[in-house]
Every structure is written in structure tokens, then in C-alpha cells.
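K.L.:
let's see this in three dimensions:
(4 chains)
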Number of protein chains: 4
Amino acid sequence: MRDQPKVIVDPFFRQMGEIFAPADAQRLADTVDVVWGRDEPMELDAFRDELRDAFAVVTGGWRYGDVLADAAALRAILTVSGGWPPELDYATCAARGIRVLSAAPAFAAAVAEMSLGLALACTRDIAEGDRAFRAGEEKWLHEGVVDSYMLHGARVGFVGFGNIGRALRDLIAPFRCELVAFDPWLTDAYLRSEGVAPMPLDRLLETSRVIFVLATPTSENRALLSRELLELIEPRATLVLVSRAHVVDFDALTDLVLAGRFKAGIDVFPEEPFDADHPIRRAEGAVLSAHRAGVVREALLEIGERVVDDLEALVRGLPPRRMQAVEPELASRYVRTTTLVVDPVGTSE
Amino acid sequence: MRDQPKVIVDPFFRQMGEIFAPADAQRLADTVDVVWGRDEPMELDAFRDELRDAFAVVTGGWRYGDVLADAAALRAILTVSGGWPPELDYATCAARGIRVLSAAPAFAAAVAEMSLGLALACTRDIAEGDRAFRAGEEKWLHEGVVDSYMLHGARVGFVGFGNIGRALRDLIAPFRCELVAFDPWLTDAYLRSEGVAPMPLDRLLETSRVIFVLATPTSENRALLSRELLELIEPRATLVLVSRAHVVDFDALTDLVLAGRFKAGIDVFPEEPFDADHPIRRAEGAVLSAHRAGVVREALLEIGERVVDDLEALVRGLPPRRMQAVEPELASRYVRTTTLVVDPVGTSE
Amino acid sequence: MRDQPKVIVDPFFRQMGEIFAPADAQRLADTVDVVWGRDEPMELDAFRDELRDAFAVVTGGWRYGDVLADAAALRAILTVSGGWPPELDYATCAARGIRVLSAAPAFAAAVAEMSLGLALACTRDIAEGDRAFRAGEEKWLHEGVVDSYMLHGARVGFVGFGNIGRALRDLIAPFRCELVAFDPWLTDAYLRSEGVAPMPLDRLLETSRVIFVLATPTSENRALLSRELLELIEPRATLVLVSRAHVVDFDALTDLVLAGRFKAGIDVFPEEPFDADHPIRRAEGAVLSAHRAGVVREALLEIGERVVDDLEALVRGLPPRRMQAVEPELASRYVRTTTLVVDPVGTSE
Amino acid sequence: MRDQPKVIVDPFFRQMGEIFAPADAQRLADTVDVVWGRDEPMELDAFRDELRDAFAVVTGGWRYGDVLADAAALRAILTVSGGWPPELDYATCAARGIRVLSAAPAFAAAVAEMSLGLALACTRDIAEGDRAFRAGEEKWLHEGVVDSYMLHGARVGFVGFGNIGRALRDLIAPFRCELVAFDPWLTDAYLRSEGVAPMPLDRLLETSRVIFVLATPTSENRALLSRELLELIEPRATLVLVSRAHVVDFDALTDLVLAGRFKAGIDVFPEEPFDADHPIRRAEGAVLSAHRAGVVREALLEIGERVVDDLEALVRGLPPRRMQAVEPELASRYVRTTTLVVDPVGTSE
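P.N.:
Below you'll find the model as predicted:
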């Protein structure tokens, strides 16, 4: 339509069809004048040209360089990756009133669900019991639960408490756990208002039965979970790592799980794909997953749904409420930890 | 103490220490005059002798024969197995006002938690992904989730909706699923009042993404889930079997899971221990567990806690509310399906 | 129909149309062979005659005398009053396997809702503020809330914790109150399992901001809330009385509310109708209601719905689960406190 | 302390002691270097002087004129009124990266609680029943509930769905109502994600049993609820007005309630104080409150708590999360509807 604002839709590395269900693709076309809208990356010259009078950009990252000066009509940048592109000039966006929005909330339910599944697979020895059964070495009844324990009523610690943490808290609520959290980007007051007790990291690690590592990788938290801290974890406890391997001393983690000190559900690795001979692959107490928590089909389609929802709001002059707005205090502190060319998904925060 | 009512505590096949935490053992001693209270089975002559003026019996089963006529003071029989002993004369108990109580509710949280864990291990391919990772054959990101789907928002069907079903409904609530149930022992009105929609079994099977088989084994439901019915299950759906293999045509289940028709989390088997060469052990879409859902330590200790809670009530002349009272309409219809000498746990209803 | 079991439906003092919605009346006729089914009380001779082969009796009370010996086929007595008729021989019913069921649960939602409304009318001075406004004496903003306080986060005490208490606990849950309870008919273990902390009555009264008096009247609890105990209630706290005036020293209550010691929402009175000159009618801190908590239309229709639900279960040989089964330990301890000829509603337990 | 950032605290028209509990006052002093911090309004010259190097301003409104140009260090303006001062230059704040925060969330629980109380006072005729009782004209039992109905299961409509709407939705959740909402500032997608069904205003009015009017007054919604629309409300339904009288044709509302067409709980009026002879004061179906929903002591103290919480965040370079950030799309559309000199509380959004 003539009167609809122009929106550049250049989702590469994602594909149109994986993020826009047919109904949402239709809503998108009904709401804005879509430019590009293809799976291949848009050429930079064409992008700059269209940007001059574009109302918004939907993109898989910010690979366009320093072009905001020309974007006179630009009101919003909607990223479909799940993370915050470090190449974007957030200060200029803020000063110019350009909304920068992330699809991160679209992943929260999928990652939370997988996190709970990995936790139960560890606490109740589901993957290990299945392996034993296939090997004809299963142990029945009491003999098969010597290392098992219930999530019900256990203390659960969150390392990082953003979108995923809140979604996971909701999933865990019926288990009546005691919830504690460490997150240096949040105040104690906020954590309490969200129903979790703030706790220093060392104390959290040494007293929680199940620990969820959900921290967004930042310039400040590389190997935050050092060997010294990991050694505090109590025997048979479960650590679930789903945000980024960046935040953990992975060698120390491997040593401790191999030694049977604690169990671990691991979805992210220092390099992806990962060393085929790495010793973690042989750890009895580990449950391993190849970065699969956030990419399930339903989550990807939720990206598109939220993008269209917020374009509808923006076109009507309303604040977007379905994607996550960048917070100026934090924008510069995120780091790229992409480890796999095909998908720099940021599932955290 | 002199004035405390006499209670025979003969928990065999369970052991005192596994069901009574120290604090509960102390409460027990403070509440009643404990007779026997040992791990070995009490001799029948001694049992009959003590029964004459016993106020209650706490037992692992009813292996004492037809002795109720002599039990003039008996007010309650508390079974610690989780099932209803078929040898007990429920009609006489009812006529004489002898409460028959089961520890079944003690298992509900443990079995519900394991059921959810098995379901997520299937829907999100957690056990399969871990096996692939250990074999160095893991698939990363999108390629690793081709058969995965989210529990969030899916239709969930309960086959049987007793203690475990209610506990599982509560755990699943945050996933915002559509809940349907088939249970011939419950009216539609009751099911609706519990927040699940009644549905015929065939329709439930053909429309649910995740199916929990929780039905108590009865004289009427052997192989209730016949081959014909199992074939209705939709592609890639997940069936979780945690009550008793009695209710399923296990050969048909094996064939269909081996053929990749649907996934299955299985905790109970036609014989336990189970055929070491059974083909289900090689089914990619299965997650296998050796009857471990209900025997986790915390559940066994909850038996003792509930036994003492209700003895406290009975001694004060109050109705017991922590164990499950037998329902006369149903008592005669339960069947023993014990498949393993060491533990006739009934986790269902 | 010929093969349907015969059920005497004699709901007097209730009326057929007030408890059976058209759809439930139809279900009733489809389920059983209804005898009588009129608003007038059935003649005793006719009743005895029909009772010989009746499967069940639905009744407003037990005004038939000692006739159970002749009721050879009787399986259930379903009372639509909300209380337990003291004239019924519960021991014989138990020995004969005759289920005695009460419609009490039908009132729980209605009474809980009214209790919360009365509580908020007191804590937020809603009725008093409305009176002032009508008199042209309202106080605006801060000046109008000097005696008001929030229910959010306050300590709430339940005196009696049965059907209504549980329903009210659910309504109050989002207010994140601290919940405590006193109920001599329940064990501490049970109360904790229901999410309320057991507490002695005196301590409950002196520390709760809002106190709900929900205790069923029994032979043991007349004026349980004595003057001495009522004097413990802290200044400006709110007492809501909805079960029966029987359990309170009403003179003391009147004196204390008139003196401005605490506020009170009162739905039940020592005599009903009540003394037209009674001083409680002039107490500023009182909110008065003429026994209206349980009789709202929706609650009465829920009686009929539950009656038919459980007749459906009984006819199919299943346990009834929608009405409340009498508990033999308690049956003899209830007392009749009917204060108004037209409606001996027992809303409690 | 020397190194703490300077914060001007000039809360007038509020008072220091009413918004800062002692513990929060202490936290405030521990977190920032407080300038002024008195009940009286700060002199403008002194304000401008201090503003030059102030890190933040905590204020009851923006009565300082166009002074932002001099505020080189300013990072945040925290308003304690509950509304958005129309005098503030939001565009400059946005361009300069000055956070504008409102204490509106502090009022949500208090107003939601009062709204529920007003609703129950209407639906269950609590205030009217109390008046009748005091006049000796009470009607007992069934006769007293002819116009009453239950909130349980009813359709509830929200006109405006911001902070208060969400808080109220949570309070109403246990009543299992059907929730619908009209809010032109929110997309349908957002409303659905919050668990309420979007509905056009006319349809909402004609089908809801309880209607909560929570809309923020804006330049666009004066008398949004016109006579024509109010006439759509169904007989005996309940309208609760707690945001601002601005959004309702108050004369039409008065006529319809006086005529007995529907009931109304009203906390806000076209002028405050209000015409002493206004006919609404005599309407049987009304429950009247003198703008008391948001000013209860606990809500005012929550303002101070949230202010200090967010100052703690800002001082640490973290995003504030306890107050509400202004949304640039909406800032210019709010209107001042202050009707009472002593307290321009905005309780809405």
C-alpha cells in the first residue's frame, strides 16, 4: 500500500520462512511496506539507498556500517538474532529516538523449558539411566536412584536473572523451591520484587542443589565461574549451563564433572562445533546438548510474531511491548560470543 | 508411655529407616506405643497376639490372613506400599469402621516430577541428543531440533487422573497446555472441576502431543492401550508410561516406537527385571528407566511423614487427611501387578 | 426409565427450582428414577414406603425418624442444606455402607467471595466511606484513609480451616499475605500441607491484621471467641464472622467494636432476624450483612449440580467426589444452630 | 559522603515522611548525597543552582521551568506523584539520555485492591446491605440477595489495561473470570500476551458483568464513556471507576445509576471536593469513595522504596526497574486532571 511506512526486512542469517509463519507474514504485509524481505543478505548499497526514508529496519545483525546519519525517518531497529549487535551505535540511536529492539524474549520459553528438562535429566538421572538400560546394565528401583534427588523443595540458584530466568522461575514455581539469584546487573530490591532472594555468587554455588547459569556474556564476566568457584558446588548438585560457555572455566567444569563432583547439563560450548575428543563427552554425570535450547521451531516463529506485533504498535504511534528495548546503561557491555557461523543466537538476558 | 494406643509397625518389605526420618521416628514414638518396629517381617503368631488390643497397624502389605475378627480395638490399617493389598477384607473393614489408608499420595510428587522429566527428555530429544554427543555425532542448532517440539501450549492427555495426574497437572500449569483426560473411574463433572476436559480415549490419543499413562492397574484395564489404539497416536507425539505396563500392549508399543511412529518415555515394564535383549532397548525414540519414578529417597521418607501425621490425627479422634482412604466402590477392583519381588510399589491412583 | 435406580428427591426446605438449573434437572431425570421431586415436604408414610427400594435420598434434612432399618437398598443420603443433620444415625450409615454426603462445598466459593468483600469493606473503609459520602461528610484523599490499611502483605488468621478456608486461601493468594490458622479438628501437619501455618488461637488473634472466623459450630466451641480472647485483637484489625455467631461471645464483640477497638464484618447473628435495637447496628467500625454470604443464586444452583454429578458417579458404581462425605469421627459433634426457620443453611466446614 | 552523586530531593506536594520509611530514608542517605530533602517546596534559584551538577532529581512535579539546559550532569528525573508532569520537556530528556521515571507502579497494588473491594461491595450489595441493617430494614437470606451475584466466573471488562489493570488481573485470577479489555494504547497482541482478550469498547460494555474503568486521562479520551455507550451496560452489571472522572460522562453515569440500570463503585469525581448536593450521593446502587484508592499509607511508602531502589541502580550504572520509564510515544498525550490542590495523584496507567 502507498501510505504504509517503509520497513527494510533483511533477516539474514535467519530466513524469512523460519521466523514468519504464514499468518504473520500476511500481517507484516498488511502493516508496512516491506522492502527486500528475502533470505539472502541485502546488498549494502541498496540498503543505504532504501534506508533514507525507511521507518524501521528488521535485521539479523548490524553489518551495514555507520549509516545512521542518512536514516532521517528511522524510528526503530528490530533485531531478530536474540542478542544486541555490538556494531550498532547505541548512543546515536538513543539521541535520535530510534528504538532498538531485540527478539530475545521470543527465546525465553524455549530455553527455560529446555533448562528444566536438562535439570530433571540430571537430578533424576534420566539420560544416564537410559544409557544404562540400552547397555543392559540398568539398576532397578532403589538401586537405580542412589544418586537421584527431587527438584521439589530444593534450593535453586540462578546465575543471571533476565528473560530466561523469569520464565524458568515461572516453570519451577509449582516445585516449591527456594529461589536465590546472583546478577550484578540487577539490584537486590528488583530481585526480591521478582520473588528470588539475592545472594553472593560463592554462597549461591555452595548451597544450591540446582544451579542455572543464564548470564549474558559481557566484557566483564568471562570465566566468571572460575575453578575456585566451581569447586564450591556441593556433591551431586546439578549445574545447567544454557547461556554461553564464555561465563565458565570450561576446563575446570570438565574436570569436576569427570571427577563425579557434581552433575551438569550443558547446551553451550567454548567452540561450536566442539572438539570431537573432548573428555566432557565421556563424563557420566553430564547431559550434553549441541546448542539446541533456543532454536526449536516454535521459538523462531515467535520472533516473527513479536516483530510484527511491535511494528503494528510503532506504526500506530504506540510503544512496542513485545520485543525487548535496549537499555542504554548496558548496551556497550554486551559482547559477541558467536561460535558458530550459521547462528549467532543470543538466548540470554 | 502407658496411655498411648498400641500400634503394630511392620513395614516389611520396606525398612524402618528408609521411610521414617529421625524426626518422624521420634514423633511416632511420642504419639503411639510402637510394637515391633523392625525391618524383618513380624511372625504371624506374634502379630495375631498383639492385634487383639492394637489401635492401628502400619504394614507393607496384608500377609496376615483373615484375622480381623480378633482385632477388637482396631481403628485403622495404614499401608506403606503405595497400593491397596488385594488380600485385605475391605467389606469387613468398612462395616467395622476400620480406616484403610494408603501411602499413595507420598509418591505423587516424585512420580509427577519424573513424568515431566521423561516427557521433556522426549519432546526436546534430550537423551537422544546426549547419546549422539557421546558418539561424536551430535547435530548443532537447527539441525539438532528437527524432531523436537515445545511442551508449551501443546495438548496434553492424561490416561488416568488420580493423585499423580493432579500433581502433574500442577507441574504443567505454567506451560499453558490444553489438558484433556480419560478416566473411567471419574465423572466428567469431576474432571472438569479439576481443570481437565474429559475426552474419549481414542480421541485423546489421536489429538494429544504428549500423553501421560497414569492409570491404576485394575481387573478391567489390562492392555487398555491396544495396538489399534496406539496406532492412533500422531507422528512424533510423546507417550509417557509411568503407572504399570499392565495397561499397555507392550509389544505393540515396542513396534511403533521402533518404527519411529512416536516417542516414548517408559518407566515400567511387563516383567521387571526385563528381558536383556528386548528390542525396545534399541529404539531411538525411547527414553527408558528401570521403575525409578517413585522410589526416590524423598518420596519414601514422605510415606513415614504421612503415616505419623495421620496417626496423630487418629489418636486425637480426628479424621486422617494425609494418606488416602480406600473407596469401597473401588477396593475390590485393584489388581496386584507386582513384577519385582523387592518392591511392589504401586505408584498410581 | 425402568432400569434406573430410584432416588427420593425431597429437598424441602429448599425448592427444586432454586437448586436445579434446567440442565441439571434434565440430567437428574436422565440418570435416576426421581420419586417426589416437589417443593413441599413429602409425607412420612409415603417416604417410608418409597424408601424400601430407594437407591438414594436427596433431602433438606433428616426429618423422617429412625427408618434406616427398612432401607435395604439405600446407598447414599445427599443433603442439600450445607450442614449435617444431627438427627441422622451416622453409625448405622457407616456400618451399612450408606454414603452420607453434604452440599457444603457448593457454598465455599460464595462464602469465600463474600468474606473477602467484607474484609476489604472493613480494611479499606468502603462501607463507612460510602455512608460518610451520602451524609456529605466524606473526607478526601489522605484524610479519608487514616484508619485504612492494605490486605496486601498483611497477616491473615483463619479460625477454622475447612471448605471455606481453603477457598478463601485461594482467593487471598495473590495478596501475598502470611497465612496462619487455628483449627482443633486438623493436625498441624495437614494445615502446613495446605499452605497455612498452625498457630494457637490467642497468638493468632493478637498478631493477625485480618481474622476470618469460619469455624463450624460444634458442641465444643460455643463462645470459643470469649471476651478475654477478643480483647487480644490488635487495634484497627478486622474480624470477619461468617460461619455462625455460636462461636463468638457476641456481647463482647459488640462492646469492642462499638468502642472502636477493632473493625468487624458480620454476616451471622445470635438470633435471626435480629434485635432491631441492638447496639451493633450503630457501630461505626462494623459492616453488617443479614446472613447473605451463602445464599446467592449461583451457590444454590451449585448444590443441584453437585448432587447430580455425584448421583451419576454412584449409579455407575464410582465414588462420589463433588459433595463432601461425612467423617465418622466428626459426625456426632456438629450441632444445629439454625436461627431462622426459613433456612438452616450451614455454610461452614 | 564525598563521592556520592548529588540528588535533589524536593518531593513537595508530598512529604518526606509519608513516602520514605525510616529504613528507606537511611538507604537514601547511604546511596546519594541528598540536597534539600524537606517537605517545603525548594526555592527555584536554589534548585537551579544545585541542578548544575545534580545526578538526579526526585520531585513532586516539574514546577521549575525550562532549566534542563543547565543540567549537565543530570541522568534521571524521578517523579513521586504517580503521573507524568505535562510541564516537562520529554523530547529534550530523551535526546539527552535523561531517564524520566514515575512512581505510578507504587499505586498499582493499592488501587487494584480497592477496585476489587468496590466491585464486591457492588456485586454482593455489601454497602447497601449494611445501610439497610443500620436502618433496621435489612432483608435476610434469599430476600437479601435478589440483586446480588458472584464475581466467580463472570465476564470482567477492563477499560484501560496498564499497571493497575495488570495488578487487578492478578487479584482476580482465582475467581476464574473471563477477562476482556479495551485499550487503544495497546495492541491486541500485547493484550493477549497478558492474558486478556481484546474487545471493542461497545461490545465490552454490553457483555461484561463487572467493568473496571482504569484508563489514564489523555487529550483523546475525555468522556470516552459517553451516555450512548453507558446505556449499553447490561442490567445490574457493575461499573467501577477508579482512574479519573475525566473519561466518563458523569451526568449520564449519575442518571443511569439513579435509575437503577446498573451499579457503580466510584472513587473519582469531576470536581474534588464534590458538590454536596449532587444526586449521585443518593443513588442506591452506588458505592462512593472520596478518591481514596491510591493514597493508603502502604502505597505512599512504596513510592519511597521504589525511588531508593532505582537510585541504587542508577548510581551503579544499571537500568532502573522499579519505577516506570516514560514512553516517548505517549508522554505528550497525558493530561493533567488534578482536581484537588492537596494531591494531584495520578493512580492510573
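K.L.:
where does the prediction get shaky in the stretch 1-150 of chain A?
P.N.:
Scanning the stretch 1-150 of chain A for pLDDT under 70 picks out A:1-2.
K.L.:
and it, which residues reach chain D?
P.N.:
A:94-97 (C-beta under 8 Å from any C-beta of the partner chain). The C-beta positions use only the backbone N, C-alpha and C, and glycine is treated the same way.
K.L.:
make it 6 Å
P.N.:
Contact residues (C-beta under 6 Å from any C-beta of the partner chain) of the stretch 1-150 of chain A with chain D: A:94-95, A:97.
K.L.:
give me the buried subset of those.
P.N.:
Neighbour-count burial (16 or more other C-beta atoms under 10 Å in any protein chain shown) is assigned, among those, to A:Ala94.
K.L.:
just give me the closest of the residues of the stretch 1-150 of chain A next to chain D to A:Gly165.
P.N.:
Closest approach between the residues of the stretch 1-150 of chain A next to chain D and A:Gly165, by C-beta to C-beta: A:Ala94, at 25.8 Å.
K.L.:
can you tell me the SS state at that closest one?
P.N.:
Of the three states, A:Ala94 takes helix according to DSSP: H, G, I helix; E, B strand; the rest coil.
K.L.:
one more: A:Phe12?
P.N.:
A:Phe12 - assigned by three-state DSSP - is coil.
K.L.:
ok, it - contacts?
P.N.:
By C-beta atoms under 6 Å, 6 or more residues apart in numbering or on different chains, the contact set of A:Phe12 is A:41, A:60.
K.L.:
next one: A:Ala223 from chain C, what distance?
P.N.:
38 Å (C-beta to the nearest C-beta, to the nearest Å).
K.L.:
need the pLDDT of that residue.
P.N.:
You'll see A:Ala223 listed with a pLDDT of 87.
K.L.:
excluding covalently adjacent residues, which one is nearest to it?
P.N.:
A:Asp249 (4.7 Å; C-beta to C-beta, 6 or more residues apart in numbering or on different chains).
K.L.:
how about the strands in the stretch 1-150 of chain A?
P.N.:
A:6-10, A:33-36, A:56-59, A:76-79, A:99-102 (DSSP state E, counting those that start in this stretch).
K.L.:
got a markdown table for those strands, with distance to chain B too?
P.N.:
Below are the strands of the stretch 1-150 of chain A laid out as a markdown table (distance: least, C-beta to the nearest C-beta, whole Å):
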| stretch | distance to chain B |
| --- | --- |
| strand A:6-10 | 20 |
| strand A:33-36 | 22 |
| strand A:56-59 | 19 |
| strand A:76-79 | 18 |
| strand A:99-102 | 19 |
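K.L.:
pick the most deeply packed of these.
P.N.:
Compared across the strands of the stretch 1-150 of chain A, strand A:56-59 shows the largest average neighbour count, a mean of 28 (mean count of other C-beta atoms under 10 Å in any protein chain shown).
K.L.:
what pairs with that one, parallel or antiparallel?
P.N.:
Strand pairing for strand A:56-59, using DSSP bridges, gives strand A:6-10 (parallel), strand A:76-79 (parallel).
K.L.:
distance to D:Trp185 added to these, as CSV?
P.N.:
As requested, the strands paired with strand A:56-59 are exported to CSV (distance: least, C-beta to C-beta, whole Å):
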stretch, distance to D:Trp185
strand A:6-10, 22
strand A:76-79, 17
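K.L.:
could you chop chain A up by domain?
P.N.:
Taking automatic domain parsing as the criterion, chain A consists of the domains A:6-104+A:297-331, A:108-288.
K.L.:
ends of the first one, how far apart?
P.N.:
Start and end residues of domain A:6-104+A:297-331 are separated by 26 Å (C-alpha to C-alpha, to the nearest Å).
K.L.:
contact residues of the stretch 1-150 of chain A facing chain B?
P.N.:
So the stretch 1-150 of chain A meets chain B at A:109, A:113-114, A:117, A:120-121, A:124, A:126-127, A:129-130, A:133-134, A:136, A:138, A:140-142, A:144-145, A:148, A:150 (C-beta under 6 Å from any C-beta).
K.L.:
apply 7 Å and report the result again.
P.N.:
Within the stretch 1-150 of chain A, the positions near chain B by C-beta under 7 Å from any C-beta of the partner chain are A:109-110, A:113-114, A:116-118, A:120-121, A:124, A:126-127, A:129-131, A:133-134, A:136, A:138-142, A:144-145, A:148-150.
K.L.:
same thing with the stretch 201-349 of chain A?
P.N.:
A:272-273, A:276, A:281, A:287-292, A:295-298, A:340, A:342-343.
K.L.:
now, which of those lie within helices?
P.N.:
Among those, the ones falling in helices (DSSP state H) are A:297-298.
K.L.:
can you flag the buried ones in the residues of the stretch 201-349 of chain A next to chain B?
P.N.:
Here, 16+ other C-beta under 10 Å leaves A:272, A:281, A:287-292, A:295-298, A:340, A:343 buried among those.
K.L.:
closest one to chain D out of those residues, please.
P.N.:
A:Glu298 (14.8 Å; C-beta to the nearest C-beta).
K.L.:
circling back: does the residue nearest to A:Ala223 touch A:Arg227 like I think?
P.N.:
Yes. Using C-beta atoms under 7 Å, A:Asp249 is in contact with A:Arg227, at 5.2 Å.
K.L.:
who has more neighbours out of the two?
P.N.:
Counted by other C-beta atoms under 10 Å in any protein chain shown, A:Asp249 and A:Arg227 do not tie: A:Asp249 has more neighbours, with 20 against 14.
K.L.:
hmm, A:Phe55 is touching A:Ala72, no?
P.N.:
No. If you go by C-beta under 7 Å, A:Phe55 and A:Ala72 don't touch, sitting 10.7 Å apart.
K.L.:
which stretches in chain A count as helices?
P.N.:
Under DSSP H, chain A gives helices at A:16-19, A:22-31, A:44-51, A:90-96, A:105-123, A:126-134, A:163-172, A:188-193, A:201-207, A:227-230, A:250-258, A:297-315, A:328-331.
K.L.:
most tightly packed of the ones you listed?
P.N.:
Burial of the helices of chain A is given as mean neighbour count (mean count of other C-beta under 10 Å); helix A:105-123 ranks first at a mean of 28.
K.L.:
stretch A:306-321 vs chain D: in contact?
P.N.:
Yes. Legend: contact between stretch A:306-321 and chain D by C-beta under 7 Å from any C-beta is shown at A:309, A:312-313, A:317-319, A:321.
K.L.:
average pLDDT for that stretch?
P.N.:
In this model, stretch A:306-321 has a mean pLDDT of 96.
K.L.:
name the nearest residue to the closest residue to chain D within the stretch 151-300 of chain A, sequence neighbours excluded.
P.N.:
Residue nearest to chain D within the stretch 151-300 of chain A: A:Ala189 (3.6 Å; C-beta to the nearest C-beta). Take A:Ala189 and drop its neighbours on the chain: the residue closest to it by C-beta to C-beta, 6+ apart is D:Asp309, 3.6 Å away.
K.L.:
wait, that neighbour sits on A:Thr187?
P.N.:
Yes. With contacts counted by C-beta under 7 Å, D:Asp309 reaches A:Thr187, the gap being 5.9 Å.
K.L.:
on that earlier part again, now for the residues of stretch A:306-321 next to chain D: which two are most distant?
P.N.:
Farthest pair in the residues of stretch A:306-321 next to chain D, by C-beta to C-beta: A:Asp309 and A:Gly317, 15.0 Å.
K.L.:
identify the residue spatially nearest to A:Leu168, adjacent ones excluded.
P.N.:
With C-beta to C-beta, 6+ apart, the residue lying closest to A:Leu168 is A:Ala112, at 4.1 Å.
K.L.:
I'd like to know how far that neighbour sits from B:Ile126.
P.N.:
According to C-beta to C-beta, to the nearest Å, A:Ala112 stands 14 Å off from B:Ile126.
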